[in-house]
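Visitor: Coordinates only, no sequence provided:
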């Protein structure tokens, strides 16, 4: 993962709902559901290695749920798409 992307995640983690906001920004930039999910998973693994706080873990899980659609209808970032788990 490149440094500017890591910096975006670090900045997002400093704000309440920052990860969800970052996912929305990435969607607006034209990234696909899969690309956003993969970036979040990659940073989540990096983050876990250095700081395994429960608060961070919950924020990532909630964000990944919204990206993949494993959440209530109103919270889905991609309501018209089915997530490809392969």
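Guide: Structure received. If you're wondering where the values come from, they're calculated on a predicted model, not measured in any experiment.

Visitor: Spatially central, which residue of the chain would that be?
Guide: The centre of the chain sits closest to residue 40, judged by CA atoms, centre = their mean, with a distance of 4.2 Å.

Visitor: where does that one sit relative to residue 29, distance-wise?
Guide: For residue 40, the distance to residue 29 under the criterion CB to CB, to the nearest Å works out to 14 Å. C-betas here are computed from N, CA, C, even on glycine.

Visitor: just checking, what packs against the lengthiest helix in the chain?
Guide: Among all segments of the chain classified by DSSP state H, the helix with the greatest residue count is helix 33-50. Where contact means 3 or more CB pairs under 8 Å, 6 or more residues apart in numbering; DSSP states H and E, helix 33-50 is packed against helix 3-13, helix 18-28, helix 54-68.

Visitor: Need the ones you listed in a markdown table (columns: mean pLDDT).
Guide: Listed next are the helices and strands packed on helix 33-50 as a markdown table, based on pLDDT from 0 to 100:
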| stretch | mean pLDDT |
| --- | --- |
| helix 3-13 | 95 |
| helix 18-28 | 97 |
| helix 54-68 | 93 |
